[in-house]
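A.B. asks: Structural data only, the sequence is not supplied:
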């Protein structure tokens, strides 16, 4: 249910509209990128509206009657509701009967957008011409968000599953507001930068493509198109490691009103890039190559300012890697301000240095810590260039859990050369670890390895790996993956589903979604 505690204030005229297309993997976090754009634009004299189509769709499917769990942020989502919304969306793209292109062995063809470009364009064209289920819904929300044609309509794509609705939004926006400039951005667009430059077909219906952290470029574009002067000078597109960037996001009250007041978590980011930056399966060095330093005082001030402004005291740090020293520094800063009583989550790399500071982190409000374990296999650790002693990992995870911090353990299965029995042994290791921890304090993200654009493993494939191709809008390649992976991936889904159902029965997580999905309204 939407909260009535967020009041609706009068809106200034809309200079630019940023649209967040579904599906996104969480119903707890409004997106950060558009909120940062809104702040930078406002400081330059322009008003940005954010149309969060993702939460508008998700609220038709969500069911939180099972209670609240320990996990904060993305992993504290209503799993059944998010899955139901995504499946409804995928079923209404018109692509299900189209033969996929370069389909990876464990992938959903629609979720991964594993289709020829012509098939995607045809599906978007057909959807734009048919009032149901998309055209009327999109047009109604576009017009309701902006009472006049905005100078710019932008779409933020964070992954391939959003491509269909994202392109459809730009098509519909251009048809109802012909003079509007359409802009495409987001991390998925950044990853596909070279393809977008090379292939004009990918830019069909898109006037401008902006990649990377493009807040200032976006505001400069709005200023130029609206022929209005900027109130302040804009900073360089690629700041140096010591240059500050905008920490404070701006969320619209109407947008927040669609989020569950008991679960909504405000996203923040205080560093850019990854201080490790060596994982061979990862795209972060391509998507966010510039590493920046943490301004601890600025981070603490931002959290306090957001808590006061919105009355929300749950925060999810979106930094790629918040190191142990950074976690300790932010924890001490939060503890020094008795008025900043918050709960927060972050992502880190396994380190023994976290064990002695676990009580301090918990006292500061650290509620959920996501740790990139990846694999306990020595072969896999060498392949990923990420080594850690399994005994240390177990001691670390249990120490954090016993301190009252929920640990989300990221694990990867099905890498080149791995045998099925090795994958089963890693899964058993995790389940034993979970059983040894206090109930509900060890969560997981169980993933099959993907060969993704921009990753070092794709640029320099391991011995024996054959890359069979990647679809134009897709994230991952088809490759000669081990034959056992498909059945094992289905088993991982059953493990996660069973974990969610057990959590619901214990009153610490969402109940299964009742009844059939409903269309958007």
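C.D. replies: Structure received. Treat the numbers as computed from the prediction; the structure is a model and nothing was measured.
A.B. asks: going forward, measure contacts between C-alpha atoms and count neighbours the same way
C.D. replies: Will do.
A.B. asks: Roughly how far does residue 476 sit from residue 105?
C.D. replies: Taking CA to CA, to the nearest Å as the measure, residue 476 falls 11 Å from residue 105.
A.B. asks: Of these two, which one has the most company?
C.D. replies: residue 476 (25 against 19; other CA atoms under 10 Å).
A.B. asks: and that one, what does it touch?
C.D. replies: Taking CA atoms under 8 Å, 6 or more residues apart in numbering, we find residue 476 in contact with 104, 112, 450, 451, 452, 453, 470.
A.B. asks: Confirm that residue 23 sits in a helix.
C.D. replies: No: counting by DSSP: H, G, I helix; E, B strand; the rest coil, residue 23 is not found in a helix; it is coil.
A.B. asks: which ones are touching it?
C.D. replies: Neighbour list for residue 23: 54, 85, 86, 89, 161, 162 [criterion: CA under 8 Å, 6+ apart].
A.B. asks: Now the fifth one. Nearest residue, chain neighbours left out?
C.D. replies: When you say that, I think you mean residue 161. Leaving aside its chain neighbours, residue 161 sits nearest to residue 111 (4.4 Å; criterion: CA to CA, 6 or more residues apart in numbering).
A.B. asks: for the first one, same thing?
C.D. replies: Taking CA to CA, 6+ apart, and ignoring the residues beside it in sequence, residue 54 has residue 22 as its nearest neighbour in space, at 4.1 Å.
A.B. asks: burial of the one you found, as a residue count?
C.D. replies: Quick note: residue 22 (other CA under 10 Å) scores 23 neighbours.
A.B. asks: got it, and residue 310?
C.D. replies: Here the number of neighbours of residue 310 (other CA under 10 Å) works out to 16.
A.B. asks: what's the distance between it and residue 251?
C.D. replies: 9 Å.
A.B. asks: coming back round to it: for the residue nearest to residue 54, grab phi and psi.
C.D. replies: phi -80, psi 160 (degrees, to the nearest 10).
A.B. asks: show me what contacts it?
C.D. replies: The contact partners of residue 22, by CA under 8 Å, 6+ apart, come to 53, 54, 55, 57, 86, 161, 162, 165.
A.B. asks: so where do the helices sit in the stretch 101-250 of the chain?
C.D. replies: 117-129, 136-145, 163-176, 187-191, 193-198, 215-226 (DSSP state H, counting those that start in this stretch).
A.B. asks: Not counting its own residues, what contacts the first one?
C.D. replies: By CA under 8 Å, 6+ apart, the list of residues contacting helix 117-129 from outside reads 93-95, 98, 134-135, 164, 167-168, 171-172, 201-202, 471-473.
A.B. asks: Of those, keep whichever come out buried.
C.D. replies: Among those, those scoring as buried are 93-95, 134-135, 164, 167-168, 171-172, 202, 471-473 (criterion: 16 or more other CA atoms under 10 Å).
A.B. asks: Tell me the one among the contacts of residue 22 nearest to residue 266.
C.D. replies: The shortest approach to residue 266 among the contacts of residue 22 belongs to residue 55, at 14.0 Å (CA to CA).
A.B. asks: wouldn't that closest one be in contact with residue 257 here?
C.D. replies: No: Residue 55 is beyond contact range of residue 257, at 10.1 Å (criterion: CA atoms under 8 Å).
A.B. asks: what about the two, which has more around it?
C.D. replies: Using other CA under 10 Å as the criterion, residue 55 and residue 257 rank with residue 55 on top: 28 against 18.
A.B. asks: So the more buried one, which state does it fall into?
C.D. replies: Secondary structure, three-state DSSP: residue 55 is helix.
A.B. asks: I'd like the distance between it and residue 62.
C.D. replies: 10 Å.
A.B. asks: about what we covered before: quick check: the two most widely separated of the buried ones among the contacts of helix 117-129?
C.D. replies: Greatest spacing in these, by CA to CA: 135 and 471 (25.9 Å).
A.B. asks: Double-check the residue nearest to residue 161 against residue 90; I have them as touching.
C.D. replies: Yes: using CA under 8 Å, residue 111 is in contact with residue 90, at 6.9 Å.
A.B. asks: For residue 410, grab phi and psi.
C.D. replies: Main-chain dihedrals, residue 410, degrees, to the nearest 10: phi -80, psi 130.
A.B. asks: wait, I meant residue 20
C.D. replies: The phi/psi pair for residue 20 (degrees, to the nearest 10) reads phi -100, psi 110.
A.B. asks: need the contact list for it.
C.D. replies: Shown in contact with residue 20 (CA under 8 Å, 6+ apart): 31, 50, 51, 52, 53, 54, 155, 156, 157, 166.
A.B. asks: with those in mind, which one is nearest to residue 265?
C.D. replies: Compare each of these with residue 265 using CA to CA and the shortest gap goes to residue 31, at 10.3 Å.
A.B. asks: Sweet, I'm off.
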